[in-house]
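*Asks:* A structural model of the following input is requested.
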Amino acid sequence: MLTLVAQAAERRRHCQHPHLLPVLDVVPTRTGVAVVSPATPGGSLADALTRAPGGLPAPVVAATGARIASALQALHDQGSLQGTIALEDVRFDAEGRPLLAGALTSSGHPQPERSGSPPADLTADLAPCVQPRDLPAASDDLLALGVVLSTALVGSPPATAPGPDRPLADDPRNGPDAPEPPAQLVDAPRSLLEAIAQATARDPADRPASAAQLASLLDQAARDADRDA
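*Replies:* Residues are numbered from 1 along each chain as shown. This next block holds a predicted model:
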């Protein structure tokens with residue numbers, strides 16, 4: 001199993017994309033393998049939220065999401081998956097360019113060790129909306145990114161973010177007594193909320209067909225957010 005993990009990490013070394021944090025080396029450890037990557041002076045989305053606990057501006061969330069989705073597509077084109085995505089996995093270089101960190105996984109294989117705090121298990125983060133499955137799929141990467149973007153937008157896990165059981169702010173399913181949505185959801189362009197809602201749909205068949213499609217939706221949302229700013 002460790003050999004398979006090391007092979008998956010090695011494949012990441014050869015996957016080049018401007019928004020993938022490069023893998024410099026894969027080092028055996030006592031319990032598995034560690035992935036060595038360049039430093040990211042710009043910190044992570046988690047760091048950004050400590051400075052803006054109420055959530056990040058919609059243009060930042062949309063543009064960052066579009067670039068990370070394009071990085072996911074590069075992994076998927078290689079036949080690999082990210083596996084899990086946490087706020088700490090979205091890093092920024094010194095110029096503010098978003099980079100997807102974390103070692104990729106192959107279907108059914110655990111992720112290798114990494115320095116720093118490990119990402120929380122995806123199914124634990126999203127329960128009870130998502131049921132664990134034996135084998136990850138590309139649509140799981142889209143779901144994980146959608147959850148990260150929801151959190152970045154509102155500053156907390158997506159209990160109030162748009163999704164299958166969380167309609168958009170003006171959806172009649174909210175009813176007259178629905179709680180007031182966070183201001184970030186009211187002010188964000190509808191295209192961004194719809195992109196997040198699609199990415200976090202309960203049924204994988206309702207999610208975007210590919211990471212490239214999600215990137216396109218988020219690119220449009222970024223343009224809408226810039227126009228509305």
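*Asks:* before we move on, which element is Pro41 in?
*Replies:* Counting by DSSP states H and E, no helix or strand carries Pro41.
*Asks:* any idea how far it lies from Ala101?
*Replies:* As judged by Cβ to Cβ, to the nearest Å, Pro41 and Ala101 stand 13 Å apart. Backbone N, C-alpha and C define where each C-beta goes, glycine included.
*Asks:* between these two, who's got more neighbours?
*Replies:* Each of Pro41 and Ala101 has its neighbours counted (other Cβ atoms under 10 Å); Ala101 has more, 24 against 11.
*Asks:* May I have the residues that are in contact with the more buried one?
*Replies:* Shown in contact with Ala101 (Cβ atoms under 8 Å, 6 or more residues apart in numbering): Leu21, Ser37, Thr40, Ser44, Glu88, Asp89, Val90, Arg91, Arg114.
*Asks:* And for Cys15?
*Replies:* Cys15 neighbours (Cβ under 8 Å, 6+ apart): Ala74, Leu75, Gln78, Ser80, Leu104.
*Asks:* count of residues packed around the first one?
*Replies:* This means Ala74. 18.
*Asks:* tell me the secondary structure for the closest residue in space to it that isn't next to it in sequence?
*Replies:* Excluding the flanking residues, the one nearest Ala74 by Cβ to Cβ, 6 or more residues apart in numbering is His17, at 3.9 Å. Secondary structure state of His17, per DSSP: H, G, I helix; E, B strand; the rest coil, is coil.
*Asks:* Could you check how far His17 is from Ser70?
*Replies:* 7 Å.
*Asks:* next SSE after the host helix or strand of Leu72?
*Replies:* In this assignment (DSSP H and E), Leu72 forms part of helix 58-77. Later in the chain than helix 58-77, the nearest helix or strand by DSSP H and E is strand 90-92.
*Asks:* now this protein, which segments are flagged as low pLDDT?
*Replies:* Scanning the chain for pLDDT under 70 picks out 1-9, 103-135, 157-184, 186.
*Asks:* This completes my enquiry, with thanks.
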